[in-house]
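Peer 1: Everything below, folded, please.
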Amino acid sequence: MNKKVLAVTAALLVGASASMFADNIGPGLGRVLLSGKSGKLWEFVGTTLNGICGNGMFAITFGTSGYEEGAEIALADTNRFIAANMDNLANDIAAGDGEYLEVLSDMLKVSDKAAFKSSLQANFSNIYSSSDVSAQEVSAKIYALVG
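Peer 2: Residues are numbered from 1 along each chain as shown. The predicted structure is shown next:
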């Protein structure tokens, strides 16, 4: 009985550890089989499947099953940065410079910062298309310009 409880607990902990990734499933079989699904139930099933199969670590080590070096975590951090700094970022983009725009260009690892800032400034009205534009919309439009 105790071994079964321990095994189930271990599987759930390993599965839950995969939720540190931006898509909440993490790399592994769960991500591959459940791609396109959304909702907490599918996330739970995917992370549990990854934990039971133990393939999350394999995916990270060998770059399989949807793992890309640093991409997901960096993207999640960038999305949070944009969401938390919408007004300040809007001011910097409108001006074509500023500390929030500088941090964003660093987060996105932009090589030509001057061109990046100029492109965002030229597309300001498209990026911030209304006063109630969402952070997700702003992020998507910025990522589209970055390429």
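
Peer 1: low-confidence ranges in this structure?
Peer 2: Flagging of the chain using pLDDT under 70 yields the residue ranges 1-29, 31, 34, 50, 53-74.

Peer 1: OK, contacts around the residue nearest to residue 141 when sequence neighbours are not counted?
Peer 2: For residue 141, ignoring the flanking residues on the chain, the nearest one in space by Cβ to Cβ, 6 or more residues apart in numbering is residue 127 at 4.6 Å. To be clear about C-beta, it is placed using only N, CA and C from the backbone, and glycine gets the same treatment. With Cβ atoms under 8 Å, 6 or more residues apart in numbering as the criterion, the residues that contact residue 127 are 93, 120, 133, 138, 141-142, 145.

Peer 1: And those residues, which two are furthest apart?
Peer 2: 133 and 145 (14.9 Å; Cβ to Cβ).

Peer 1: need the helices for the chain, in chain order.
Peer 2: 2-17, 29-33, 40-53, 55-62, 71-84, 86-95, 99-107, 113-122, 124-127, 135-146 (DSSP state H).

Peer 1: Filter the contacts of residue 127 down to the buried ones, PyMOL style.
Peer 2: The following PyMOL selection, which keeps only the buried ones among these, applies the criterion 16 or more other Cβ atoms under 10 Å:
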select buried, resi 93+120+138+141+142
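
Peer 1: Save the contacts of residue 127 as CSV, and put in distance to residue 38 too.
Peer 2: Rendered in CSV, the data for those read as follows (distance: Cβ to Cβ, whole Å):
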residue, distance to residue 38
93, 30
120, 30
133, 22
138, 21
141, 22
142, 23
145, 26
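
Peer 1: If we only consider the contacts of residue 127, which is nearest to residue 99?
Peer 2: The closest of these to residue 99 turns out to be residue 93 (Cβ to Cβ; 12.3 Å).
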